[in-house]
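>>> how would this look folded up:
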Amino acid sequence: MSRGESMNEPNRIIKWPARHSDSEDFNPTREWLVTNGLGGYASGTVSGVLSRRFHGLLIAALPSPYGRMMMLNDCIERVVLPDKREVTLGAEERTETGMHMNGAVYLAEFRMEWGLPVWRYEIGGTIIEKRVLLPYGQNTTLVTYAMIEGDGNVCLELRPAVQFRPHEGKLGEPLRHPYELSVIEDRYELCSYESHLPPLRMMMQDRRAAFTFDREWTRGLLYEIERARGYDYTGDLWSPGYFRVELSKGYSTTLIASTEPWEIIRALKPLEAEALEHERRRRLVARGGSGGEFDQTAAELVLAADQFIITPAGRIEDQARAHAAGDEVRTVIAGYHWFTDWGRDTMISLEGLALTTGRTIQARYILRTFMHYVRDGLIPNMFPEGETDGLYHTADATLWFFHAIHRYVEATADRETLRNVLPQLLDIAEHPLRGTRFNIHVDPNDGLLAQGAPGYQLTWMDAKVDDWVVTPRRGKAVEINALWYNALRLLEGWLRDEQRMDDAARIGGLADQAKDSFNKRFWYEPGGYLFDVIDGEAGNDAACRPNQIFAISLPHPVLDPSHWEAVVETVRQRLLTPVGLRSLAPGEQDYKSNYDGDLRSRDAAYHQGTVWAWLIGPFVDAWLKLHPEDRAGARRFLDGLVPHLNEACIGTISEIFDAEPPYTPRGCVAQAWSVAELLRCWLKTQ
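The predicted structure is shown next:
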């Protein structure tokens with residue numbers, strides 16, 4: 001890997017091993033991701049192999065009831081050289097019949113320029129570069145090809161291939177409606193006959209381009225990662241034909257694919273769209289961090305953070321309501337490829353994604369969007385794909401909401417927004433006192449927050465397979481009560497600032513009781529750390545987990561300082577890895593070292609040892625509480641995650657890792673709270 005000349009230019013270059021077989025950068029699973037600010041995206045492997053059901057050039061974010069839809073899976077790229085030789089630029093695809101397309105033999109280099117992918121193909125003396133761009137706020141993909149070097153003309157043939165299906169739809173689903181292609185001048189519309197999906201609109205931004213009708217099926221395409229994950233893994237792609245255009249040195253051409261109306265598609269020329277998107281990205285980086293200009297690592301993370309803050313495309317009512325109030329709707333995609341927006345992830349990520357990057361207006365929009373969805377003292381845990389109503393099965397998301405508001409007010413001094421939501425925050429805090437959904441309630445005997453309902457997983461350790469809740473943690477969970485105490489102290493302070501002294505005294509009394517009980521009941525003396533759950537279904541759970549770190553890391557730590565060193569040292573010795581914290585310590589009964597296999601096997605390991613990158617954030621916070629002058633030491637805890645920017649999905653951070661070396665990345669290839677917490681702590685320790 002090499003860097004751009006400027007210290008804060010987020011550029012990465014990977015020499016491809018097809019031409020550099022001794023390259024240490026070789027990793028056939030490397031992926032790329034480009035998003036559009038709506039939840040839609042394009043993604044694939046660097047080599048071009050389709051290995052996931054989520055790999056495609058246009059996954060459009062469509063209004064409810066559709067949600068995200070796979071609209072353009074692939075584009076097969078062939079070049080006819082001046083000597084009439086035909087070569088394929090892209091992937092080596094495997095099918096059930098064993099048929100292969102020509103592999104990425106000619107790929108010499110892959111790079112990310114300001115977070116956007118560029119492929120460089122070398123065919124003898126001919127060099128062709130390919131770029132993928134999604135204009136912000138549109139379900140549109142631009143794939144541009146430019147001939148950088150070469151004598152004479154080459155003929156470029158581009159064959160779009162499709163399988164219209166829901167985002168997580170089955171690969172082997174039989175075609176219910178035949179495809180229909182309509183052509184008007186240079187505009188091509190491909191639709192699934194008698195379905196109600198918008199058409200895939202395609203055109204070449206080139207007057208010399210021609211289209212050849214030549215229907216073709218690719219049968220039994222193998223998606224290797226889906227096979228490894230235990231899902232259906234074969235599917236068919238259909239192509240109506242191919243575009244053909246001549247290239248010469250210095251000349252470029254662009255394939256446009258979109259679900260937008262033609263007037264939007266044609267509003268911007270490809271070069272103009274590219275210039276505007278690069279300018280947008282430069283503005284994001286130019287905002288700088290708390291210490292001035294972002295360094296190169298921070299600049300990459302800022303662009304990675306941008307992928308998660310979206311305008312949800314399908315929530316028309318939300319948009320109308322927000323516009324009437326002079327706001328915009330914003331939310332956070334928890335992770336790519338398969339997550340939607342989750343309340344817990346959004347609130348944990350808010351500071352790193354929006355506040356450290358200077359996007360305070362978007363942070364306010366996000367908070368106000370979720371405030372509208374408060375029900376029975378809870379914010380939604382998640383919004384299912386294509387739906388407008390949230391699911392509320394979480395005990396901690398609303399407590400993280402208090403934390404996010406606190407960080408927002410600290411960053412903006414926006415007391416007016418706080419003043420407006422204060423009555424609702426007080427109401428939220430009072431719901432557990434009365435008892436609310438999923439048996440979330442405060443035990444009047446000790447003031448601690450308990451939760452748990454059969455069949456539900458209410459904490460962040462939320463893996464569930466069918467009716468099996470892997471880590472139910474019913475009872476009084478350690479981080480839930482750390483968050484409950486923190487929320488009470490924040491609310492107490494806000495009420496005092498507004499001279500609501502009686503309410504402040506009442507909430508402060510609840511906080512005092514919770515803190516006293518916490519320190520009496522959660523300390524596990526034989527281990528020198530904190531119980532993970534007390535008063536659970538099987539009594540008190542002394543499994544060594546990272547959740548105890550929140551008793552120190554939050555702005556109002558509930559744990560007595562006399563125990564801080566013991567807890568931090570336990571977490572450091574037993575749970576800390578170079579890429580985050582293990583979810584369970586080695587040696588514990590249910591410990592799993594690897595996260596692999598089918599869904600049941602993976603979920604059995606999800607919170608039973610698997611490393612979570614986002615937990616490095618609260619660990620750094622706790623370390624600095626204990627060692628306030630040791631920012632250099634705290635920075636060293638982040639060192640293992642920085643090389644990961646070059647490892648799985650280039651330029652971003654994975655969701656999870658195996659619990660033992662080599663800490664193989666797993667789960668989502670790009671996770672909001674992983675990026676957010678690394679960026680936040682990177683700036684905090686500079």
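
>>> so who does the closest residue to Ala632 other than its chain neighbours touch?
The shortest distance from Ala632 to any non-neighbouring residue, by C-beta to C-beta, 6 or more residues apart in numbering, is to Thr685 (7.6 Å). C-beta coordinates here come from the backbone N, C-alpha and C atoms, glycine included. Taking C-beta atoms under 8 Å, 6 or more residues apart in numbering, we find Thr685 in contact with Val620, Leu624, Arg631, Ala632, Ala634, Arg635, Leu638.

>>> now the third one. Nearest residue, chain neighbours left out?
Computed as C-beta to C-beta, 6+ apart, the closest residue to Arg631 that is not its neighbour in sequence is Thr685, at 4.7 Å.

>>> pLDDT score for the one you found?
On the pLDDT scale, Thr685 is placed at 96.

>>> ok, Asn8 next?
60.

>>> go on, Ala299?
So, for Ala299, pLDDT stands at 95.

>>> what does Glu194 give?
pLDDT at Glu194 comes out at 68.

>>> check which helix or strand covers the residue nearest to Arg415 when sequence neighbours are not counted.
The shortest distance from Arg415 to any non-neighbouring residue, by C-beta to C-beta, 6+ apart, is to Val409 (6.9 Å). Element membership for Val409, per DSSP states H and E: helix 397-412.

>>> who's in contact with that helix?
342-344, 346-348, 350-351, 355, 360, 363-364, 367, 370, 374, 377-381, 414-415, 417-418, 421, 425, 428, 480, 483-484, 486-487, 490-491, 554-555.

>>> give me the mean pLDDT for the helix or strand just after it.
Heading C-terminal from helix 397-412, the first helix or strand you meet, by DSSP H and E, is helix 415-434. Across helix 415-434, the average pLDDT comes to 95.

>>> now whichever helix or strand comes after helix 415-434: how far from the chain's centre is it?
Using DSSP H and E, the helix or strand that directly follows helix 415-434 along the chain is strand 441-442. Counting by C-alpha atoms, centre = their mean, to the nearest Å, strand 441-442 is centred 32 Å from the centre of its parent chain.

>>> which of the contacts of Thr685 has the most neighbours?
The most crowded member of these, judged by other C-beta atoms under 10 Å, is Val620 (25 neighbours).

>>> doesn't Leu679 make contact with that one?
No: counting by C-beta atoms under 8 Å, Val620 does not reach Leu679; the two are 11.9 Å apart.

>>> anything in contact with each of those two?
Common neighbours of Val620 and Leu679 (C-beta under 8 Å, 6+ apart) do not exist.

>>> related to what we said a few turns ago, out of the contacts of helix 397-412, which are buried?
342-344, 346-348, 350-351, 355, 363-364, 367, 370, 374, 377-381, 414, 417-418, 421, 425, 428, 480, 483-484, 486-487, 490-491, 554 (16 or more other C-beta atoms under 10 Å).

>>> buried sites along stretch 261-278?
Ile264, Ile265, Leu268, Pro270, Ala273, Glu274, Glu277.

>>> which residues touch the fourth one?
Spelled out, that is Pro270. Applying C-beta under 8 Å, 6+ apart, the residues contacting Pro270 are Leu133, Leu142, Thr144, Gln205, Thr254, Ile256.

>>> tell me the secondary structure at Ile13.
strand (DSSP: H, G, I helix; E, B strand; the rest coil).

>>> cool, and Pro454?
Assignment for Pro454 (three-state DSSP): coil.

>>> burial count for Arg187?
Every residue meeting other C-beta under 10 Å relative to Arg187 is counted, giving 14.

>>> going by secondary structure, the nearest residue to it once chain neighbours are set aside is in what exactly?
Sequence neighbours aside, Met203 is the residue nearest to Arg187 in space, at 5.5 Å (criterion: C-beta to C-beta, 6+ apart). Using DSSP H and E, Met203 falls within strand 200-204.

>>> list the pairing partners of that strand within its sheet, with orientation.
Paired neighbours of strand 200-204 in the sheet (DSSP bridges): strand 187-192 (antiparallel), strand 252-258 (antiparallel).

>>> may I have the last one as CSV, with CA atoms only?
I take that to be strand 252-258. Written as CSV, here are the backbone C-alpha positions of strand 252-258 (Å, rounded to 0.1, in the frame of the first residue of the first chain):
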residue,chain,number,x,y,z
SER,A,252,-13.6,7.8,-21.7
THR,A,253,-17.1,6.5,-21.8
THR,A,254,-19.7,5.8,-19.0
LEU,A,255,-22.4,3.3,-18.5
ILE,A,256,-25.3,4.8,-16.5
ALA,A,257,-27.7,2.5,-14.6
SER,A,258,-30.5,3.9,-12.5
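
>>> now do that strand, average pLDDT.
Computed over strand 252-258, the average pLDDT equals 97.

>>> quick one, what contacts Pro586?
Counting by C-beta under 8 Å, 6+ apart, Pro586 has contacts Arg574, Ser593, Gly609, Ala659, Glu660.
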